[in-house]
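Chemist: mind looking at a prediction? Sequence and model below.
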Amino acid sequence: PNLNVEELVKAMLIKTNDLHMVIYLSSLIRSVIALHDLVNNQIRYNEQMDIHSVGNSNKKKLASVEKKASEKDTGSEEKKDDTTAGKK
């Protein structure tokens with residue numbers, strides 16, 4: 001077949017350009033979806049870290065409050081021991 005016919009060359013160029021455009025657009029869409037998933041993953045990770053940090057800080061606060069309460073209890077017991085020892 002004669003491949004130098006102007007109409008055949010133009011048709012092949014149009015078809016090739018169309019195929020390249022489809023490949024380019026599919027690659028672009030795939031990249032956008034991957035970037036979107038990456039952003040969503042980062043958001044979920046940050047939310048989980050915030051939840052864990054709030055939970056850990058609450059545990060630390062509770063532990064410090066309990067420690068202070070136990071120190072007050074032991075301090076009051078020592079004072080009681082001192083006063084009862086003085087009475088004897």
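Modeler: Alright, I've got the coordinates.
Chemist: can you tell me how far Leu25 is from Asp37?
Modeler: Using CB to CB, to the nearest Å, one obtains 19 Å as the distance from Leu25 to Asp37. Backbone N, C-alpha and C define where each C-beta goes, glycine included.
Chemist: count the neighbours of Val32 for me.
Modeler: If you count neighbours by other CB atoms under 10 Å, Val32 ends up with 10.
Chemist: from Leu38, how far out is it?
Modeler: Taken as CB to CB, the spacing of Val32 relative to Leu38 amounts to 11 Å.
Chemist: before we move on, what about Pro1?
Modeler: Plainly put, Pro1 is 49 Å away from Leu38 if you go by CB to CB.
Chemist: and for Lys72?
Modeler: Where Leu38 is concerned, Lys72 sits at a distance of 51 Å (CB to CB).
Chemist: now Ser70
Modeler: Using CB to CB, one gets 47 Å for the distance from Ser70 to Leu38.
Chemist: show residues contacting stretch 39-51.
Modeler: Residues from elsewhere that reach stretch 39-51 (CB atoms under 8 Å, 6 or more residues apart in numbering): none.
Chemist: and that stretch, what's its mean pLDDT?
Modeler: What stretch 39-51 shows for mean pLDDT is 91.
Chemist: shaky segments in this protein?
Modeler: When residues are selected by pLDDT under 70, those of the chain lie in 55, 57-59, 61-62, 74-88.
Chemist: re earlier: more neighbours, Pro1 and Leu38?
Modeler: Leu38 (10 against 5).
Chemist: how about the more buried one, secondary structure?
Modeler: Judged by DSSP: H, G, I helix; E, B strand; the rest coil, the three-state class of Leu38 is helix.
Chemist: quick one: secondary structure of Leu3?
Modeler: Reduced to three states with three-state DSSP, the structure at Leu3 is coil.
Chemist: burial of His36, as a residue count?
Modeler: That count, for His36 with other CB under 10 Å as the rule, works out to 10.
Chemist: that should have said Val9, apologies.
Modeler: 11.
Chemist: for it, give me its contacts.
Modeler: With CB under 8 Å, 6+ apart, Val9 has these contacts: Leu3.
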